[in-house]
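how would this look folded up:
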Amino acid sequence: MEATTVVELYVFILAAFVGYQVISRVPPLLHTPLMSATNAISAISLVGSLVAAGADYSRTSTILGFIAVAAATTNVVGGFLITDRMLRMFKRDPKQTPKQVP
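Have a look, this model is predicted:
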């Protein structure tokens, strides 16, 4: 293995560990705002994966870029669907109007 591959693997493992630790300690009240922020970050990674897929460095980078595009797109769409579902839980039903107190 080259030295750069070892460093890249180390950074990946460290990022996965730190990400898990951060997400596991989020209180339930903050999940909806964090999902919105995560969607923005996923959109940025989608742009980066599009660049990687279209750069035409090698066949391997194109295939890995395509996989990254598919994964990031799934993440963005799923995140918006979950956020929308969570926000609908807090909306009032228009058929159920509050009773007027005389």
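
Show me the contact partners of the lowest-mean-pLDDT helix or strand in the chain.
The helix or strand of the chain with the lowest confidence, counting by mean pLDDT, DSSP states H and E, is helix 31-54 at a mean of 79. The contact list for helix 31-54 (CB atoms under 8 Å, 6 or more residues apart in numbering) reads 26, 61-62, 64-66, 68-69, 71-73, 75-76, 79-80, 82-83, 86-87. Glycine gets a C-beta too; all of them are placed from N, C-alpha and C.

Pull out the buried residues from those residues.
Buried members of the contacts of helix 31-54, scored by 16 or more other CB atoms under 10 Å, are 65, 68, 69, 72, 75, 76, 79, 83.

In PDB, list the C-alpha atoms belonging to stretch 55-66.
Backbone C-alpha positions of stretch 55-66 (Å, rounded to 0.1, in the frame of the first residue of the first chain) are rendered in PDB as follows:
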ATOM      1  CA  ALA A  55     -13.800  13.900 -14.700                       C
ATOM      2  CA  ASP A  56     -12.900  10.900 -16.800                       C
ATOM      3  CA  TYR A  57      -9.700  10.200 -15.000                       C
ATOM      4  CA  SER A  58     -10.100   6.400 -15.300                       C
ATOM      5  CA  ARG A  59     -12.800   3.800 -15.600                       C
ATOM      6  CA  THR A  60     -12.600   3.100 -11.900                       C
ATOM      7  CA  SER A  61     -13.100   6.700 -10.900                       C
ATOM      8  CA  THR A  62     -16.100   7.000 -13.200                       C
ATOM      9  CA  ILE A  63     -17.700   3.900 -11.700                       C
ATOM     10  CA  LEU A  64     -17.000   5.000  -8.200                       C
ATOM     11  CA  GLY A  65     -18.300   8.500  -9.100                       C
ATOM     12  CA  PHE A  66     -21.500   7.000 -10.400                       C
END
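
what's the spacing between stretch 76-90 and its chain's center?
Offset of stretch 76-90 from its chain centre (CA atoms, centre = their mean, to the nearest Å): 12 Å.

where do the helices sit along the protein?
3-24, 31-54, 59-88 (DSSP state H).
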